[in-house]
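[1] Structure of the sequence below:
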Amino acid sequence: MNGDKPLVWLHGEVKTPPFSLEARIEAGLLLRRLQDGERIGLPHSRPMPSIGRRCHELRIIDEDVTWRVIYRTYADAIVIGEVFAKKTNTTPKKVIDACKRRFKKYDEDIE
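    The predicted structure is shown next:
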């Protein structure tokens, strides 16, 4: 595949600032790999079954913060539900709930 899957941004963005240039480039490279159909595993991506099927989080380590990009894979797109700075060991409940809502609405809209 040659980048056939578009990125669909439901919420959040990856830009400098607040991302450092290096972290933004890393995020872009990881997202491009997903668009090309690659399945990325740890340490860069991990499943997020608490949000739903096909949901994952990218981990981007920056200078003084670790960024997370919550995404869901579809046959024809990579859908971004949230981008946030993770400050604790657990994903905040408000982020999980917001992503569930966004992905549910996206699913309803594409039907």
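
[2] elements contacting the longest helix along the chain?
    Once the chain is assigned using DSSP state H, the helix that runs over the most residues is helix 93-110. Helix 93-110 sits against strand 66-73, strand 78-86, with contacts defined as 3 or more Cβ pairs under 8 Å, 6 or more residues apart in numbering; DSSP states H and E. The C-beta positions use only the backbone N, C-alpha and C, and glycine is treated the same way.

[3] any chance of those strands in JSON lines, plus mean neighbour count, mean pLDDT and distance to residue 33?
    Below are the helices and strands packed on helix 93-110 laid out as JSON lines (neighbours: other Cβ atoms under 10 Å; pLDDT from 0 to 100; distance: least, Cβ to Cβ, whole Å):
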{"stretch": "strand 66-73", "mean neighbour count": "22", "mean pLDDT": "96", "distance to residue 33": "12"}
{"stretch": "strand 78-86", "mean neighbour count": "20", "mean pLDDT": "95", "distance to residue 33": "10"}
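
[4] Those: which one's closest to residue 27?
    Among the helices and strands packed on helix 93-110, the nearest to residue 27 by Cβ to Cβ is strand 66-73 (6.4 Å).

[5] on that earlier part again, adding distance to residue 24 as columns, could you present the helices and strands packed on helix 93-110 in TSV?
    TSV is the format used below for those (distance: least, Cβ to Cβ, whole Å):
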stretch	distance to residue 24
strand 66-73	9
strand 78-86	11
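
[6] if we compare those, which one ends up closest to residue 45?
    Of these, the one closest to residue 45 (Cβ to Cβ) turns out to be strand 66-73, at 8.5 Å.
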